[in-house]
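A.B. asks: Here is a sequence with its predicted model. Questions after.
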Amino acid sequence: MRRNRRVKILATLGPASSAPEVIESYFLAGVDVFRINMSHSSFDMVRGLHAAVRAAELKHGRPIGILADLQGPKFRVGKLGGDRVELKTGQTYIFDTEEREGDDKRVFLPHPQIFEGVEAGHTLLLDDGKIRMRVIEADPSRIAAEVIVGGPLASRKGVSMPDTVLPINPLTDKDKADLDFVLKLGVDWVGLSFVQRGEDVALARRMIGQGAAIMSKIEKPSAIADLDQIIAQSDAIMVARGDLGVEMPVERVPGLQKQITRKARAAGKPVVIATQMLESMISAPVPTRAEVSDVATAVFDGADAIMLSAESAVGKYPIEAIGMMDRIAIEAEADPTYDVLVHATSTPPQPTAADAIAAATHAVADTLKLSAIICFTATGSTALRVARERPGLPVIGLTPVVATARRLAAVWGVHCVLTSDPENLADMVKKACRIAFEEGFVRAGSGVIITAGVPLGSPGTTNMVRIAYVNEHGEATSLSV
């Protein structure tokens, strides 16, 4: 199974896609990583989805990634009398700690962290930003806020605080239970919600260890303020445009998307663009022209992956949405301007031998017009460094570690193959050429460049390069350093 594009596709599983045959059809249509939203999934459902993905992986002999997306903290107002009140622009509205039904003057807010963190002048957003307020005064038991944009407020609607850094752990008790379950099950990625600063990711890392890679979701203004540290602490980044567009002016989201993508790429961390990419295809068989342009823009910016949410989880046309995303990506990558646009973001190598070798590998491959870059990698770091350069030729990742292969399914341009460690350097070259030939990346007479860490099997090193040419039997005929 070889994709005809370098950007990867993530798809969310849900009621429309829980059957094993449907999951297999999603994979065949183009999905590289499956997302399980823990907000809406029971353990039995997660277990079944995990088993179905692994069955498709085994049947088709291709590593498939699984992302378990944690819910994170959720803040909601209490119950209102009649379940709904009308708030008028200009009025003062009270949030307090009195556990009784609210009205059009006040409501119970069952979250002491908000009272602790919010200050006068901060903004409160209710019901996905439909109602906007400005805090006038706050103390440990009462918040008074002026209604800036009024409207109907229903019981238990969500509250967002874009200006407030809350003194909370990003992992709730539910998240911790979910995390324990999915780590034992064997997921590849954990999506971390409500990230406010780099130390939130570091805290999650201490709990997760090496059990899964961490994909931090950028969805809060405070995360933008500490973006460099969050990227440094994370294994990958998701641009969660839905929540980001609630907590910040929507007109800022496109620029922030480019900023986050640029910084993640420079750090060599995979970046996923998510939310409403083909939203109209939840109920329509074709997308809007604006959605097509949106997907293509993410591809031109060099994002590692693009994601479907409700389109594949509950939509009427999930296969069509996956196929459309696949075709948009293929067309964008074939555009004459693609190379110029994708390299408009400068990604200078880090001052390490491994990064210098990855950059040199790209330069040598371009100069000699080679057909593929082949990376032997135990942890995935060699393939990540090469992919960071966004080379204009296939990147083949060879690894004996199935967890590494599955995580690399989310990385731009990397076609991963499970194989045993070579016995020595000669066997490494022989194995690399044979696999590249069998997978259809090279033909007789084609050249490849091979990079790895020596001694072989030692994780975290990239210090060796070999160039080889392939004969009609897929054998290496000559090689050089």
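C.D. replies: Noted; the coordinates are in hand. Numbers count the residues shown, from 1 in each chain.
A.B. asks: Any regions of the stretch 151-300 of the chain where pLDDT drops low?
C.D. replies: Applying pLDDT under 70 to the stretch 151-300 of the chain picks out no residues at all.
A.B. asks: Where do the strands of it begin and end?
C.D. replies: Along the stretch 151-300 of the chain, the segments classed as strands by DSSP state E, counting those that start in this stretch run 151-154, 159-160, 189-192, 213-218, 236-240, 271-274.
A.B. asks: And Ala267, how far from Ile373?
C.D. replies: Plainly put, Ala267 is 20 Å away from Ile373 if you go by C-beta to C-beta, to the nearest Å. Yep, even glycine has a C-beta here, placed from its N, CA and C like the rest.
A.B. asks: So for the two, which residue has more residues nearby?
C.D. replies: Legend: neighbour count by other C-beta atoms under 10 Å for Ala267 and Ile373, higher for Ile373 (29 against 16).
A.B. asks: re earlier: between the strands of the stretch 151-300 of the chain, which gets nearest to Ala359?
C.D. replies: Closest of these to Ala359 is strand 271-274, at 19.3 Å (criterion: C-beta to C-beta).
A.B. asks: Does anything pack onto the closest one? Which helices or strands?
C.D. replies: On a contact count with 3 or more C-beta pairs under 8 Å, 6 or more residues apart in numbering; DSSP states H and E, strand 271-274 meets strand 236-240, helix 241-247, helix 253-266, strand 305-308.
A.B. asks: how about 6 Å then?
C.D. replies: Contact partners of strand 271-274 among helices and strands, from 3 or more C-beta pairs under 6 Å, 6 or more residues apart in numbering; DSSP states H and E: strand 236-240, strand 305-308.
A.B. asks: Quick one: closest of those strands to Lys263.
C.D. replies: Taking C-beta to C-beta, strand 236-240 is the member of the helices and strands packed on strand 271-274 nearest to Lys263, at 8.3 Å.
A.B. asks: residues in contact with that closest one?
C.D. replies: By C-beta atoms under 6 Å, 6 or more residues apart in numbering, the surrounding residues in contact with strand 236-240 are 215-219, 257, 260, 264, 269-274.
A.B. asks: Rebuild the helices and strands packed on strand 271-274 as CSV, extending it with distance to Asp139 and mean neighbour count.
C.D. replies: Formatted as CSV, the helices and strands packed on strand 271-274 follow (distance: least, C-beta to C-beta, whole Å; neighbours: other C-beta atoms under 10 Å):
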stretch, distance to Asp139, mean neighbour count
strand 236-240, 32, 26
strand 305-308, 41, 26
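A.B. asks: Dump those strands into JSON lines; add distance to Glu331 as well.
C.D. replies: Listed next are the helices and strands packed on strand 271-274 as JSON lines, based on distance: least, C-beta to C-beta, whole Å:
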{"stretch": "strand 236-240", "distance to Glu331": "22"}
{"stretch": "strand 305-308", "distance to Glu331": "13"}
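A.B. asks: which stretch among these comes nearest Ser420?
C.D. replies: strand 236-240 (27.1 Å).
A.B. asks: quick one, the closest one and strand 213-218 angle?
C.D. replies: 30 degrees (axes from the mean of the first three to the mean of the last three C-alpha atoms, to 10 degrees).
A.B. asks: Can you give the distance of strand 236-240 from its chain's centre?
C.D. replies: 5 Å (C-alpha atoms, centre = their mean, to the nearest Å).
A.B. asks: Okay, now the sheet partners of it, with direction.
C.D. replies: strand 213-218 (parallel), strand 271-274 (parallel) (DSSP bridges).
A.B. asks: Could you check the angle the longest one makes with helix 253-266?
C.D. replies: Between strand 213-218 and helix 253-266, the angle comes out at 150 degrees (the same axes, to 10 degrees).
A.B. asks: The chain should start at 784 in everything you say after this.
C.D. replies: Okay, using 784 as the starting number, the last item reads as strand 996-1001.
A.B. asks: Give me the distance between strand 996-1001 and the centre of its chain.
C.D. replies: Counting by C-alpha atoms, centre = their mean, strand 996-1001 comes out at 7 Å from the chain centroid.
A.B. asks: Would you mind putting the CA coordinates of that strand into CSV?
C.D. replies: Extracted in CSV, the C-alpha atoms of strand 996-1001 (Å, rounded to 0.1, in the frame of the first residue of the first chain):
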residue,chain,number,x,y,z
ALA,A,996,3.9,10.0,21.8
ILE,A,997,2.3,13.3,22.9
MET,A,998,0.4,15.4,20.4
SER,A,999,-0.3,18.8,22.0
LYS,A,1000,-3.4,20.6,20.9
ILE,A,1001,-3.0,24.4,20.4
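A.B. asks: Show residues contacting it.
C.D. replies: 972-976, 978, 984, 1013, 1017-1023, 1043, 1190.
A.B. asks: And Gly941, how far from Phe977?
C.D. replies: As for Gly941, its distance to Phe977 is 12 Å (criterion: C-beta to C-beta).
A.B. asks: thinking again about what came up before, make a markdown table from the contacts of strand 1019-1023 and add distance to Tyr1252 and neighbour count to it.
C.D. replies: Output for the contacts of strand 1019-1023, formatted as a markdown table (distance: C-beta to C-beta, whole Å; neighbours: other C-beta atoms under 10 Å):
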| residue | distance to Tyr1252 | neighbour count |
| --- | --- | --- |
| Met998 | 39 | 28 |
| Ser999 | 42 | 28 |
| Lys1000 | 45 | 25 |
| Ile1001 | 44 | 26 |
| Glu1002 | 48 | 26 |
| Gln1040 | 42 | 21 |
| Ile1043 | 41 | 25 |
| Ala1047 | 35 | 27 |
| Lys1052 | 34 | 22 |
| Pro1053 | 32 | 27 |
| Val1054 | 35 | 27 |
| Val1055 | 37 | 27 |
| Ile1056 | 38 | 26 |
| Ala1057 | 42 | 26 |
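A.B. asks: Closest one of the residues you listed to Arg859?
C.D. replies: Glu1002 (17.0 Å).
A.B. asks: my guess is the closest one contacts Gly1028, does it?
C.D. replies: No - in this structure Glu1002 lies outside contact range of Gly1028 using C-beta atoms under 6 Å: 9.1 Å.
A.B. asks: in stretch 943-953, what's buried?
C.D. replies: Ser943, Met944, Pro945, Asp946, Thr947, Leu949, Ile951, Asn952, Pro953 (16 or more other C-beta atoms under 10 Å).
A.B. asks: Quick one: residues in contact with it.
C.D. replies: When contacts are defined by C-beta under 6 Å, 6+ apart, stretch 943-953 is touched by residues 856, 896, 899-901, 905-906, 908, 977-979, 983, 1004-1005, 1029-1030.
A.B. asks: Narrow those residues to those in helices?
C.D. replies: Gln896, Glu899, Gly900, Asp983, Pro1004, Ser1005, Val1029, Glu1030 (DSSP state H).
A.B. asks: Including distance to Val1123, could the contacts of strand 1019-1023 go into JSON lines?
C.D. replies: Supplementary listing: these in JSON lines, determined by distance: C-beta to C-beta, whole Å:
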{"residue": "Met998", "distance to Val1123": "29"}
{"residue": "Ser999", "distance to Val1123": "30"}
{"residue": "Lys1000", "distance to Val1123": "30"}
{"residue": "Ile1001", "distance to Val1123": "27"}
{"residue": "Glu1002", "distance to Val1123": "31"}
{"residue": "Gln1040", "distance to Val1123": "19"}
{"residue": "Ile1043", "distance to Val1123": "21"}
{"residue": "Ala1047", "distance to Val1123": "20"}
{"residue": "Lys1052", "distance to Val1123": "23"}
{"residue": "Pro1053", "distance to Val1123": "22"}
{"residue": "Val1054", "distance to Val1123": "20"}
{"residue": "Val1055", "distance to Val1123": "23"}
{"residue": "Ile1056", "distance to Val1123": "20"}
{"residue": "Ala1057", "distance to Val1123": "26"}
